[in-house]
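S.K.: generate a structure from the sequence data that follows.
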Amino acid sequence: MKNKKKIVCTWSGGIDSTALIGHLLFNGYQVLAVTLNFYEDIFVDRERKARELLLPHLKSIGPITILEKEGNFLWNFSPDGKEIPRRNRLIIDHIIETVCRPKEIYYIGVGEYIGADTWVVKDHVAGADADARALISYVYCEYGLDFRIITLADFGESRFKVDRIKLGYDIIGDSMFLTTNCLNNSEIHCGECYKCVERNIAFELLLDHDETVYMADPKLNSMHSVYANQMKGSFKNESKKS
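M.R.: Below you'll find the model as predicted:
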């Protein structure tokens, strides 16, 4: 009989994957955290450092083991600069075939990394591959009921970032500031990419402060007010419900 309390999770060291792992550990799961390097150089080093700093805090909650992937698993972009078609399904296939089946683990946890914002979906990946429900349906059709995906929320939706931070913060507290979400290949957060902008807004909405060190002020980004309005509306609605 399969052990429903064992789960393979992808872990970048970012907000979403860290919050998900903390949530699963808190609820009694045994987590095998798989790292997949999509980039190289400083970017990979920054993610690895974040995981190393976060690991003791997660271990204090429950049993977690790291499966470090040596080298690059799959480039985020093809040589011509476009997203690799169906890359999300390739990642899931890889995890099931090389990790889940050999270890007889049937549950897979994913954060937001496997999703994409609307502009990416339209321009590069094809919506059916970047939508959470479509991906879960793919796993069901391809591998049957044995394999299940556990995720946090709709993928690539910035307005849910506050909820993800709250989920992690309620479990590991200020350690959530150790996460990394920047898209720039630098030692610290650039403060200019959309990931830095939504991160800054989400922390300030939830905690009234953001301890992340940025190279540039995220508030100067032209999209800051757009993201802020989306996330404030979502945060207000969720607060009313609770």
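
S.K.: shaky segments in the chain?
M.R.: Scanning the chain with the threshold set as pLDDT under 70 gives 1-4, 37-40, 69-87, 112-132, 153-159, 233-242.

S.K.: please parse it into its domains.
M.R.: 6-150, 166-241 (automatic domain parsing).

S.K.: now those as a markdown table including mean neighbour count and distance to F160?
M.R.: (Glycine included, C-beta is placed from N, CA and C.) Formatted as a markdown table, the domains of the chain follow (neighbours: other C-beta atoms under 10 Å; distance: least, C-beta to C-beta, whole Å):
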| stretch | mean neighbour count | distance to F160 |
| --- | --- | --- |
| domain 6-150 | 17 | 8 |
| domain 166-241 | 17 | 7 |
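
S.K.: what are the boundaries of the helices in the chain?
M.R.: 15-26, 42-59, 87-95, 101-103, 118-120, 127-130, 132-143, 161-172, 194-207, 224-241 (DSSP state H).

S.K.: would you mind giving those as CSV with distance to A33 added?
M.R.: Formatted as CSV, those follow (distance: least, C-beta to C-beta, whole Å):
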stretch, distance to A33
helix 15-26, 6
helix 42-59, 8
helix 87-95, 12
helix 101-103, 13
helix 118-120, 25
helix 127-130, 23
helix 132-143, 19
helix 161-172, 14
helix 194-207, 21
helix 224-241, 28
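
S.K.: which of those helices sits closest to I188?
M.R.: helix 42-59 (7.8 Å; C-beta to C-beta).

S.K.: and the contacts of the closest one?
M.R.: 11-14, 18, 21-22, 25, 31, 33, 35, 37, 64, 66, 172, 175, 178-180, 182, 184-188 (C-beta atoms under 8 Å, 6 or more residues apart in numbering).

S.K.: one more time with 6 Å
M.R.: Helix 42-59 has contacts (C-beta atoms under 6 Å, 6 or more residues apart in numbering) with S12, G13, T18, N37, I64, I172, S175, L178, T179, T180, N185, E187.

S.K.: ok, the residue lying closest to the last one once chain neighbours are set aside to N184 distance?
M.R.: To tie it back to what came earlier, the one meant is E187. Distance criterion C-beta to C-beta, 6 or more residues apart in numbering; nearest residue to E187, sequence neighbours excluded, is I42 at 5.8 Å. Per C-beta to C-beta, to the nearest Å, I42 is found 9 Å from N184.

S.K.: rewinding a little: next one: the residue nearest to E187 from I66, what distance?
M.R.: Applying C-beta to C-beta, the value for I42 to I66 is 21 Å.

S.K.: what sits against the closest residue to I64 other than its chain neighbours?
M.R.: Counting by C-beta to C-beta, 6+ apart, the nearest residue to I64 once its immediate chain neighbours are dropped is V31, at 4.5 Å. V31 makes contacts with I7, C9, I21, L24, L25, I64, as judged by C-beta under 6 Å, 6+ apart.
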